[in-house]
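Chemist: pasting the sequence and the predicted coordinates here, then a few questions.
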Amino acid sequence: MSNPSLLILPGDGIGPEVMAEVTKIIDWYGAKGGLKFDVSEDLVGGSAYDKYGVPLTDETMAKAQEVDAVLLGAVGGPKYDTLDFSLKPERGLLRLRKEMDLFANLRPAQCFDALADFSSLKIDVVAGLDLMIVRELTAGLYFGEPRGIFEEGNERVGINTQRYTESEIDRVARSAFELARKRGNKVTSVEKANVMESGVLWREVVQKVHDEDYPDVELNHMYADNCAMQLVRAPKQFDVIVTDNMFGDILSDCAAMLTGSLGMLPSASLGAPMANGRPKAMYEPVHGSAPDIAGQGKANPIATILSFAMALRYSFDQGAEADRVEAAVETVLASGLRTADLLGEEGVQPVSTSEMGDAIVAALDASL
Ligand code: NAD
Ligand code: IPM
Ligand code: MN
């Protein structure tokens, strides 16, 4: 049988820097960990635009459809901010999500013990935190029509449309309930049914899916603004949060800070099962290309490394190996090693991106 295939798209800014550390782990698995992957690499975002004039070529899109999983670093940067919308680096990422139909974006926020005192919240509020945001990823405000900037009388109007069909809500709700059954058995569905019709429909459909097929899972509904407040007030009340594309984007950055840094939060974007039974999948950190620190060896590679751990778990049925990678990260953090984003204590010197990656590989070695 051939090895499972991975397409690596490092992207822009710190994307290539953090992805280089994941490559070390993939190489470690090939040499010592007993898992070999067929790896190919390609361009996405600004780096693809620089070479091909588009943020994602049709060839790269086709490759992404064929492989067992895509690993993506990050896209974007100030250099591209004035480009036409269709050419922006972010369009490359959105095209991947849309055409692969990756409707369920799993964004877990876990607070490692070693970092509990580093969060901007009190230790008691975040210690032991383990929540999962399931963000709908292929519809809503990001893709709804009409959209654009139009002339209206003597001024312009900018339009985006929030749009959800029942089936789009139904399928992401099922993903959330299935996950909850394997975790704390509780789902909080988040919308603004008080002001948006799409929120009313969201609430109805999630409730119906619950009542018909998941009555054993605890379900509650919450408005998005209250959810943002509750996330910083008492985040441990949550197990699985299911929400739309835009609210999920915002709430997951908020949840990231509960774990100490945006550089810690991984994600898995999953679609329907392929012919081989594996879900269509792309794994990417929640953070962006961090232009402010790019090229300086300061980026925290842990979010991207933990995204690879999610690939082991969700694409390759290697839960024990995912646990091994997560434990290696935990060991290294417990030893006191910190990239600059995780520094609080005076006198502690930060390690570089590659030193952090090397330490995690060393912890993997030690785990054998
Ligand atoms: P960002 O996530 O890139 O950065 C926000 C802040 O967090 C910055 O101060 C940055 O230095 C810090 N940060 C982020 N990741 C870090 C890491 N791994 N280690 C240490 N510090 C880290 O968000 P932004 O500044 O709003 O956006 C910059 C660019 O990235 C934009 O072009 C945006 O569109 C793009 N973006 C891409 C993705 C993606 O590719 N998935 C996600 C978010 C933003
Ligand atoms: C994310 C990012 C993306 C989003 C951008 C870069 C398109 O912020 O993955 O969270 O808004 O979905
Ligand atoms: Mn985001």
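Modeler: On my side now, so go ahead. Ligands and ions are numbered 1, 2, ... in the order given.

Chemist: what residues are up against the residue in the stretch 201-350 of the chain positioned nearest to ligand 2?
Modeler: Taking Cβ to the nearest ligand atom, ligand 2 has its nearest neighbour within the stretch 201-350 of the chain at Asp249, 4.6 Å off. (Glycine included, C-beta is placed from N, CA and C.) Shown in contact with Asp249 (Cβ atoms under 8 Å, 6 or more residues apart in numbering): Arg135.

Chemist: ramachandran coordinates for it?
Modeler: The phi/psi pair for Asp249 (degrees, to the nearest 10) reads phi -60, psi -50.

Chemist: ok, now Gly158?
Modeler: In this entry, Gly158 is assigned phi and psi values of phi -100, psi 130 (degrees, to the nearest 10).

Chemist: at the geometric centre of this structure, which residue do we find?
Modeler: A centroid search over the chain (Cα atoms, centre = their mean) returns Ser267, at 2.6 Å, as the residue closest to the centre.

Chemist: how many residues are close by Leu71?
Modeler: If you count neighbours by other Cβ atoms under 10 Å, Leu71 ends up with 26.

Chemist: any idea how far ligand 2 is from it?
Modeler: In this view, Leu71 and ligand 2 are 14 Å apart by Cβ to the nearest ligand atom, to the nearest Å.

Chemist: is it true that that residue touches Ala20?
Modeler: No. Under the criterion of Cβ atoms under 8 Å, Leu71 makes no contact with Ala20, lying 11.8 Å away.

Chemist: what's the local residue count around the closest residue to Leu94 other than its chain neighbours?
Modeler: For Leu94, the nearest residue in space outside its immediate sequence neighbours is Tyr142; the separation is 6.7 Å by Cβ to Cβ, 6 or more residues apart in numbering. As a burial measure, the neighbour count of Tyr142 was computed by other Cβ under 10 Å and equals 19.

Chemist: OK, contacts around Tyr142?
Modeler: Residues in contact with Tyr142 (Cβ under 8 Å, 6+ apart) are 94, 245-246.

Chemist: if I look at Gly13, how far off is Leu219?
Modeler: Here the criterion is Cβ to Cβ, to the nearest Å. By it, Gly13 lies 39 Å from Leu219.

Chemist: looking at the two, which is more packed in?
Modeler: Shown here are Gly13 and Leu219; by other Cβ under 10 Å, Gly13 has more neighbours (29 against 21).

Chemist: confirm that the more buried one sits in a helix.
Modeler: No. Following the definition DSSP: H, G, I helix; E, B strand; the rest coil, Gly13 is coil and is not counted among the residues of a helix.

Chemist: for it, what are phi and psi?
Modeler: Per degrees, to the nearest 10, the residue geometry at Gly13, taken as phi and psi, is phi 60, psi -130.

Chemist: need the per-residue pLDDT for the residue nearest to the centre of the chain.
Modeler: On pLDDT, Ser267 comes in at 98.

Chemist: ok, now Met1?
Modeler: You'll see Met1 listed with a pLDDT of 69.

Chemist: and stretch 80-87, average pLDDT?
Modeler: Average pLDDT, stretch 80-87: 94.

Chemist: got the CA positions of the host helix or strand of Asp124 in CSV?
Modeler: Per DSSP states H and E, Asp124 falls inside helix 123-126. Included here for helix 123-126 are C-alpha records, laid out as CSV according to Å, rounded to 0.1, in the frame of the first residue of the first chain:
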residue,chain,number,x,y,z
ILE,A,123,-5.1,31.0,36.7
ASP,A,124,-8.4,29.6,38.2
VAL,A,125,-10.3,30.8,35.2
VAL,A,126,-8.2,29.0,32.6
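
Chemist: got a list of contacts for it?
Modeler: For helix 123-126, the external contacting residues (Cβ under 8 Å, 6+ apart) are 111, 116-117, 119, 233-236, 258-259.

Chemist: in it, which residues are buried?
Modeler: For helix 123-126, the buried set under the neighbour-count rule, 16 or more other Cβ atoms under 10 Å, comprises 125-126.

Chemist: fine, thanks again, bye for now.
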